[in-house]
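**Student:** fold the following for me, if possible:
(chains A and B)
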Amino acid sequence: MIPVLLLIAGLLIGLACGLVIPRLRAREPRDARASATRQILLPFTGTTLSRRALEAAMRLARVEHATLMPAFLATVPLHQSLETPVVRQCEIGMPLLEAIEQRAVAEHIPVDARVQRGRSYRHALCRLLDAEHFDRVIISAADDPRTGLSGDDLLWAIDHANAEVMILRPAPEDTRIISASGVEGHF
Amino acid sequence: MVPERGHYKIFLGMAAGVGKTFRMLQEGHAELENGRDVVVGLLETHGRADTAALADGLELLPRRRVAYREQRLEEMDLPGILRRAPEVCLVDELAHTNVPGVEHEKRYEDIEDVLAAGIHVISTVNVQHLESLNDRVAELTGVTVRETVPDQMLGRADEIVMVDVSPEALLDRLRAGKVYPAARVDAALNNFFRIENLAALREVALRQVAEEVEARRIVTDVVGTRNELLTGAAPQAVGERLLALVEPYPGAQRLVRRAWRSAQRLGSQLDVLWIQKPGQRLSAEQESALVALRTLCSVLGANLLVEESDLLADTVARVAAERGTTYILLGRSREPRGLARLRAPLPQQLMRRLPGVDVRIVADRALRHESIP
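**Tutor:** Coordinates of the predicted model:
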């Protein structure tokens, strides 16, 4: 009789441990790991991004064991609420974000994407920088000053970002870009 | 004895000038010829001579004057309509906001009183006034409409009739001075009345009516009788409606983006659902991921829903039923631990609880090459 009771008690203890331990594990806070991770912001505005800028950001993320944070910046006109959905711009930005993220994940680089709206690209970038801490900001200067972040915006970023800002100058021979067509499979 | 609620018919259009008021008045004449007692409770002719002429022969109830900030403004006379008690009442522009001090804030609320009195109502509205479409219309056209009505208001109508003209025809009417006085034509052409705006609005309006028809067909099939149809909270009008299940971690954004692309292709609404365990405390990483998810959903025009529950499949099934979901997207589940191994996987549980709803597991395509030997 006693061995049977011991067996039942053993089974019950085993079952209880099986239930409780995974739950306790699941509740372990991950704050420590999160706060230790360096974050590299890679903002972009258009349909394409210089491959050189992406590769530089990925290289740094790999070396520094950092999280790459590609961020799509969108603008909202003044007569609309800043919280207005920007579906048309997202039709451009989301596939590029997907392409960037796929490349980074394929190289085992952690990715945590962002999207931010502002009255201008600078305002959107400012909101991003205000909301979170980034260790580095990598900006690809546009060939065409009429698109994306302007020269003034880049100077502003250097002055105001509480992070190391790296601006990649467009080189004439740098024709390699990443675009929505870089997305693997159906998106 | 409480009178039976009146019949409610709405003429829906993509923009001013498509002919909603004209159709409403034609309908009024047809009812009059059929021997019914018809009055015009409120008519907005916007100075259009054709429209004003068509109102001839119909009894036009006078507006009442309401004092507001040292002015006397005109509003529809709701008590006057109820006193007059016609069989059919025509009420233009149901999205109108009333002057403070009258019975209701909005005209569509006045209409509810008229219907409750057993009076049939024929009314008009433009699609940009619908609350859920307001932001989308603002982005499409650059014009934010202040006077909005809840979408459920359309669900309370017995009939919705789309008044449609091609954008080209509407522009011709505008240029001919049939929509606005000559002095306003140029401004209108340069702002709201651009062909791309009108084409987009037309698509939105046509889709809205198609969705209403679809929702009614579904509810009629299920419920059967008209009274039940009217009182039952019809699921929101849907061709397709997507629901993406997420958890606050960085990878969830990819699932939302994929779901959004699918929703774009299907022309449908996207809901994003996170089911939080009761009392669950979020780590800093999860908090940050949740903020990022909220921003992403807001930018994409998706609805982020947070439900607190321990019963994952039951909660998803309830939300899906409430939202009229036709398509559920979820990512790859974590490996089950402990007794969870004995439970059926979530997709199977959902398929069992939600027959007729598609369930799609979104693959992580970035890792595809790794899994191929």
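**Student:** hang on, isn't B:V145 packed against B:L133?
**Tutor:** No - taking contacts as Cβ atoms under 8 Å, B:V145 lies outside contact range of B:L133: 9.2 Å. Bear in mind the C-beta positions are built from the backbone N, C-alpha and C, glycine included.
**Student:** who has more neighbours out of those two?
**Tutor:** B:L133 (20 against 17; other Cβ atoms under 10 Å in any protein chain shown).
**Student:** list the buried residues of the helix or strand encompassing B:A187.
**Tutor:** Element membership of B:A187 [criterion: DSSP states H and E] is helix B:182-190. Residues of helix B:182-190 classed as buried: B:V185, B:A188 (neighbour count, 16 or more other Cβ atoms under 10 Å in any protein chain shown).
**Student:** check whether that helix contacts chain A.
**Tutor:** No - against chain A, helix B:182-190 shows no contacts by Cβ under 8 Å from any Cβ of the partner chain, the least distance being 14.8 Å.
**Student:** give me the contact list for that helix.
**Tutor:** Residues lying outside helix B:182-190 but in contact with it, judged by Cβ atoms under 8 Å, 6 or more residues apart in numbering or on different chains, are B:L171, B:L174, B:R175, B:G177, B:V179, B:Y180.
**Student:** so where's the chain uncertain?
**Tutor:** This is for chain A. A:1-2, A:10-36, A:47, A:142-147, A:170-177, A:179-187 (pLDDT under 70).
**Student:** that's the wrong chain, I meant chain B
**Tutor:** Short version for chain B, where the test is pLDDT under 70: B:1, B:132, B:135-136, B:139-141, B:212, B:214-239, B:334, B:336, B:339, B:364-373.
**Student:** what residues of the strand or helix carrying B:A320 count as buried?
**Tutor:** Applying DSSP H and E as the criterion places B:A320 in helix B:312-323. Using 16+ other Cβ under 10 Å as the burial criterion, the residues of helix B:312-323 that qualify are B:L312, B:A313, B:T315, B:V316, B:A317, B:V319, B:A320, B:R323.
**Student:** now the helices for chain A?
**Tutor:** In chain A, the helices defined using DSSP state H lie at A:2-27, A:31-36, A:51-64, A:87-106, A:121-131, A:151-160.
**Student:** would you list those in TSV and tack on distance to B:E27?
**Tutor:** Converted to TSV, the helices of chain A look like this (distance: least, Cβ to Cβ, whole Å):
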stretch	distance to B:E27
helix A:2-27	62
helix A:31-36	63
helix A:51-64	61
helix A:87-106	36
helix A:121-131	49
helix A:151-160	57
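**Student:** what's the most buried one of those?
**Tutor:** Counting by mean count of other Cβ atoms under 10 Å in any protein chain shown, helix A:87-106 has the highest mean neighbour count of the helices of chain A, with a mean of 21.
**Student:** for chain A, state which of the buried residues of helix B:312-323 is nearest.
**Tutor:** Of all these, the one sitting nearest chain A is B:L312; the distance, using Cβ to the nearest Cβ, is 13.9 Å.
**Student:** I figured the closest one hits B:L346, correct?
**Tutor:** Yes - contact criterion Cβ under 8 Å: B:L312 and B:L346 qualify, at 6.4 Å.
**Student:** now the strands for the stretch 51-200 of chain B?
**Tutor:** Along the stretch 51-200 of chain B, counting by DSSP state E, counting those that start in this stretch, strands occupy B:59-60, B:64-68, B:71-75, B:88-91, B:120-126, B:159-163.
**Student:** got phi/psi on the residue positioned nearest the centre of chain B?
**Tutor:** Centrality entry for chain B: nearest residue to the mean C-alpha point is B:D151, 3.6 Å, by Cα atoms, centre = their mean. Here is the backbone geometry of B:D151 (degrees, to the nearest 10): phi -60, psi -30.
**Student:** I'd say it and B:N134 touch.
**Tutor:** No - contact criterion Cβ under 8 Å: B:D151 and B:N134 do not qualify, at 10.1 Å.
**Student:** so what's the residue count around A:N162?
**Tutor:** So A:N162, with other Cβ under 10 Å, has 11 neighbours.
**Student:** same deal with the one 4 residues further on?
**Tutor:** Residues lying near A:M166 (other Cβ under 10 Å) number 17.
**Student:** what sits opposite it in the beta ladder?
**Tutor:** A:I138 (DSSP bridges).
**Student:** then B:V149?
**Tutor:** Beta-bridge partners of B:V149, as defined by DSSP bridges: B:L130.
**Student:** do the one 10 residues further on as well
**Tutor:** As for beta bridges, B:E159 partners with B:K9 under DSSP bridges.
**Student:** need the contact list for it.
**Tutor:** B:H7, B:Y8, B:K9, B:I10 are the contacts of B:E159 under Cβ under 8 Å, 6+ apart.
**Student:** kindly report the same for B:I328.
**Tutor:** B:L242, B:L243, B:A244, B:L245, B:V316, B:A320, B:L350, B:L354, B:V357, B:D358, B:V359, B:R360.
**Student:** look up how far A:P70 lies from the residue nearest to B:P150 when sequence neighbours are not counted.
**Tutor:** Leaving aside its sequence neighbours, B:P150 sits nearest to B:E131 (Cβ to Cβ, 6 or more residues apart in numbering or on different chains; 5.2 Å). Distance, B:E131 to A:P70, using Cβ to Cβ, to the nearest Å: 33 Å.
**Student:** could you do B:A116 as well?
**Tutor:** Taking Cβ to Cβ as the measure, B:A116 falls 55 Å from A:P70.
**Student:** who has more neighbours, the two?
**Tutor:** Using other Cβ under 10 Å as the criterion, B:A116 and A:P70 rank with A:P70 on top: 27 against 14.
**Student:** determine the longest strand present in chain A.
**Tutor:** strand A:67-75 (DSSP state E).
**Student:** list the buried ones in it?
**Tutor:** Quick answer for strand A:67-75 (16+ other Cβ under 10 Å): A:T67, A:L68, A:M69, A:P70, A:A71, A:F72, A:L73, A:A74.
**Student:** other SSEs contacting it?
**Tutor:** If contacts are counted by 3 or more Cβ pairs under 8 Å, 6 or more residues apart in numbering or on different chains; DSSP states H and E, strand A:67-75 sits against strand A:39-44, helix A:51-64, helix A:87-106, strand A:114-118, helix A:121-131.
**Student:** the longest one near chain B at all?
**Tutor:** Yes - using Cβ under 8 Å from any Cβ, we find that helix A:87-106 touches chain B at A:87-88, A:90-91, A:94-95, A:97-98, A:101-103, A:105-106.
**Student:** which among those residues gets closest to B:A138?
**Tutor:** Ranked by distance to B:A138 (Cβ to Cβ), these are led by A:V87 at 10.8 Å.
**Student:** check contacts around residue 61.
**Tutor:** No chain was given, so I picked chain A. A:A61 touches A:I40, A:T67, A:L68, A:A104, A:I109, A:P110, counting by Cβ under 8 Å, 6+ apart.
**Student:** look at chain B instead
**Tutor:** Going by Cβ under 8 Å, 6+ apart, B:L61 touches B:V39, B:V40, B:G41, B:L42, B:D77, B:G80, B:I81, B:R84.
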